[in-house]
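> show me the folded form of this:
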Amino acid sequence: MRFGPAGYPSEGKTPIGSLEYARSLGLDALEVELVRGARVSEERAKEIGAAAERLDIRLSCHAPYFISFNSETAETREKSVSWVMDTARVAHNMGAYIIVIHAASYGKHPETATDSVIEGLSVCKDNMDNEGIRDVVLGVETMGKKGQFGTLKEIEEVMDSVDGVRPVLDVAHVHARNGGSLKTEEDMRALLGEFFPLCGDRAHFHISCIEYGDKGEKNHLPLEARDPDMQLLANALEDSARDCTFICESPRIAADAVVFRDMFPRYRR
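Coordinates of the predicted model:
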């Protein structure tokens, strides 16, 4: 299991400094946040990737928030392919193994969302294959707002049609979308039982606590909020031999990554 922050911790000042800072905390994963655009040169991406490899930090990348394959406008759907491709190229150059995608909102046509995501990601996968990008997984995130595409069942439907797609399990999003459903260790085990058959050899998680309402997610919260209680997830995973990456999206991205790691006796320092 690997643990790390969503983004470069500010204490590190620079991307490579942030990798070194994360490593100094005993963290060994980091998600590069390209959420406002994947604008990293090939040379710079390779420098960051080389530093991560030297430090034994597993990289992933988060694609731009602008993506919406179910948009009513053809221009946004076409740009969504470009935004995914930009992210995939950066990830490939960095040696990041997965890109995390917010695939769509339901908008006025929820009935078309799954087919639209399948269509968009099919084009992305074909483009990636044509460019020789075969080392990057298309990770579709479970979403916390009820108006967004992204339940595990929906992602499974996409996987049935597009090779190279895997779910990214945002535990707090599932909790929020379902009105606070993850209350016990048994609830966590049931969620893992749904997720693990879909995730392939490596499971990618987002962790945090969350504020939510009738429409689902409102804000991510520190782990001390215990809603959901992430110790329940750690307990459910304690005896697991699965290869897992846990990316912390709480407001305390690095400190809470350490807090979550230390919920596992075998990783506690």
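
> quick one: secondary structure of the most centrally placed residue in the chain?
For the chain, the residue sitting closest to the mean C-alpha position, by C-alpha atoms, centre = their mean, is residue 100 at 4.5 Å. Assigned with DSSP: H, G, I helix; E, B strand; the rest coil, residue 100 falls in the strand class.

> repeat that for residue 4.
With three-state DSSP as the basis, residue 4 sits in strand.

> going forward can the numbers begin at 890, since that is how I track them
Sounds good: first residue 890 from here, last item residue 893.

> list the contacts of the nearest residue to it once chain neighbours are set aside.
Among residues not flanking residue 893 along the chain, residue 918 sits closest, at 3.2 Å (C-beta to C-beta, 6 or more residues apart in numbering). Where you see a C-beta, it was placed from the backbone N, CA and C, and this is true even at glycine. Residue 918 sits next to 891, 892, 893, 946, 947, 948, 949, 1134, 1135, 1136 when contact means C-beta atoms under 8 Å, 6 or more residues apart in numbering.

> tell me how far residue 918 lies from residue 957.
28 Å (C-beta to C-beta, to the nearest Å).

> equivalent analysis for residue 1072, please.
32 Å.

> give me the more crowded residue out of these two.
residue 957 (24 against 13; other C-beta atoms under 10 Å).

> surely the more buried one touches residue 995?
No. The criterion here is C-beta atoms under 8 Å, and residue 957 misses it with residue 995 at 10.1 Å.

> surely residue 1059 is in contact with residue 1033?
Yes. Residue 1059 is in contact with residue 1033 according to C-beta under 8 Å; the separation is 6.8 Å.

> give the contact list for the residue nearest to the centre of the chain.
By C-beta under 8 Å, 6+ apart, the contact list for residue 989 reads 920, 949, 950, 951, 952, 1028, 1030, 1057, 1093, 1095.

> just the element for residue 1068, please.
If you go by DSSP states H and E, residue 1068 is not part of any helix or strand.

> leaving out sequence neighbours, find the closest residue to it.
residue 1101 (7.3 Å).

> residue 1044 looks like it's in a helix, true?
Yes. Under three-state DSSP, residue 1044 sits within a helix.

> check what pLDDT it gets.
On the pLDDT scale, residue 1044 is placed at 98.

> what residues does it make contact with?
1029, 1031, 1054, 1056, 1087 are the contacts of residue 1044 under C-beta under 8 Å, 6+ apart.

> most neighbours of all these, which one?
residue 1029 (27 neighbours).

> how about the strands in the stretch 990-1139 of the chain?
All strands of the stretch 990-1139 of the chain, identified by DSSP state E, counting those that start in this stretch, fall at 1026-1030, 1054-1059, 1091-1096, 1098-1102, 1105-1110, 1132-1137.

> mean pLDDT and distance to residue 1081 for the ones you listed - can I get that in JSON lines?
Shown next, in JSON lines, are the strands of the stretch 990-1139 of the chain (pLDDT from 0 to 100; distance: least, C-beta to C-beta, whole Å):
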{"stretch": "strand 1026-1030", "mean pLDDT": "98", "distance to residue 1081": "17"}
{"stretch": "strand 1054-1059", "mean pLDDT": "98", "distance to residue 1081": "8"}
{"stretch": "strand 1091-1096", "mean pLDDT": "98", "distance to residue 1081": "9"}
{"stretch": "strand 1098-1102", "mean pLDDT": "97", "distance to residue 1081": "18"}
{"stretch": "strand 1105-1110", "mean pLDDT": "96", "distance to residue 1081": "20"}
{"stretch": "strand 1132-1137", "mean pLDDT": "98", "distance to residue 1081": "10"}
